[in-house]
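Participant: got a sequence here, can you build the structure:
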Amino acid sequence: MQVEEALKQRKSTRAFLQQEVEKEKIIKILDAARHAPSGTNTQPWQVAVVTGEKRRRLGDLMETAFRNGQKGAMEFQYYPEIWDGVYKERRRACGLQMYSTLNISREDKQRQQDQWAANYRAFDAPVMLFFFIDSVLETGSYLDYGMFLQSIMLMAEEQGLATCPQAALGEYPEIVKRELGYSEDKKLVVGMAMGYENKDHIVNSYRTPREEVEQFTRFFE
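Facilitator: Predicted coordinates:
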């Protein structure tokens, strides 16, 4: 698979087959992704691969917290406090595209809640990945982490696997760290769903649009 093909083929998958992912494939993906660049070669990534009964338990605990009204909070500011301008428009369009694909109306609050709750189960993917970072590290290491995450997703494409990077899986860090035995001097960055795509599920049928190069690029000579 060419890099261009992997970049264009990758998408956020929200329905997976209940097919086990081979451990060897996960190791191969991480073995390639570890070559991602990082400032002064700090390699800030710490990865938890969660499957089986532990995955089900973690998903249940986070979903229960969400449905009980326990507001989640990431350990760093991921999104702006106030959405405005083009970012507000794109965010709204993204949500509308998904809900319209699933035929979930604005008035159907129960189905909206059920769809959002699926985030905390990693959309029932057979593999949950959680990404931690030492709390002493700063903004540059989070940029490094982004390159590492993209490397994982591109390698997953090559291996025939689908992924969904999820900020939602970072919203209940106290649950995740308690269940996985991570100390408080670690921050939970994000999570990721991984598995084999259910290509027959309608939620995987749409693609979010991207701006043309001319819209975000200026050339200087």
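Participant: what segments of the protein are helices?
Facilitator: 3-9, 23-33, 52-67, 85-101, 109-117, 139-158, 173-180, 213-216 (DSSP state H).
Participant: quick check: angle from the third one to helix 173-180?
Facilitator: Orientation check (axes from the mean of the first three to the mean of the last three Cα atoms, to 10 degrees): helix 52-67 against helix 173-180 gives 160 degrees.
Participant: ok now helix 52-67, how far from the chain's centre?
Facilitator: 16 Å (Cα atoms, centre = their mean, to the nearest Å).
Participant: using JSON lines, lay out the helices of the chain together with distance to L188.
Facilitator: Yep, even glycine has a C-beta here, placed from its N, CA and C like the rest. Converted to JSON lines, these look like this (distance: least, Cβ to Cβ, whole Å):
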{"stretch": "helix 3-9", "distance to L188": "27"}
{"stretch": "helix 23-33", "distance to L188": "18"}
{"stretch": "helix 52-67", "distance to L188": "12"}
{"stretch": "helix 85-101", "distance to L188": "22"}
{"stretch": "helix 109-117", "distance to L188": "19"}
{"stretch": "helix 139-158", "distance to L188": "12"}
{"stretch": "helix 173-180", "distance to L188": "4"}
{"stretch": "helix 213-216", "distance to L188": "30"}
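Participant: as a markdown table, these with mean neighbour count would be great.
Facilitator: Formatted as a markdown table, the helices of the chain follow (neighbours: other Cβ atoms under 10 Å):
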| stretch | mean neighbour count |
| --- | --- |
| helix 3-9 | 12 |
| helix 23-33 | 15 |
| helix 52-67 | 16 |
| helix 85-101 | 12 |
| helix 109-117 | 13 |
| helix 139-158 | 18 |
| helix 173-180 | 17 |
| helix 213-216 | 8 |
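Participant: can you list those helices in CSV and add mean pLDDT and distance to A167?
Facilitator: Output for these, formatted as CSV (pLDDT from 0 to 100; distance: least, Cβ to Cβ, whole Å):
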stretch, mean pLDDT, distance to A167
helix 3-9, 96, 21
helix 23-33, 98, 19
helix 52-67, 98, 13
helix 85-101, 95, 12
helix 109-117, 95, 12
helix 139-158, 98, 11
helix 173-180, 98, 12
helix 213-216, 97, 22
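Participant: to V203, which of those lies closest?
Facilitator: helix 85-101 (6.4 Å; Cβ to Cβ).
Participant: pull the residues that contact that closest one.
Facilitator: 14, 80, 83, 105-106, 112, 115, 202-203, 205-206, 208 (Cβ atoms under 8 Å, 6 or more residues apart in numbering).
Participant: which of those residues count as buried?
Facilitator: 14, 112, 115, 203 (16 or more other Cβ atoms under 10 Å).
Participant: can you tell me which two in the contacts of helix 85-101 are farthest apart?
Facilitator: P80 and I202 (30.9 Å).
Participant: for the residue most central in space within the chain, name its beta-bridge partners.
Facilitator: Centroid check for the chain by Cα atoms, centre = their mean gives P165 as the closest residue, at 1.4 Å. Beta bridges link P165 to M192, judged by DSSP bridges.
Participant: got a list of what the residue nearest to L188 when sequence neighbours are not counted touches?
Facilitator: Once flanking residues are discounted, L188 sits nearest to P173: 4.0 Å by Cβ to Cβ, 6 or more residues apart in numbering. The contact partners of P173, taken as Cβ under 8 Å, 6+ apart, are 74-75, 187-188.
Participant: just I82 next, same as before
Facilitator: For I82, no contacting residues are found, by Cβ under 8 Å, 6+ apart.
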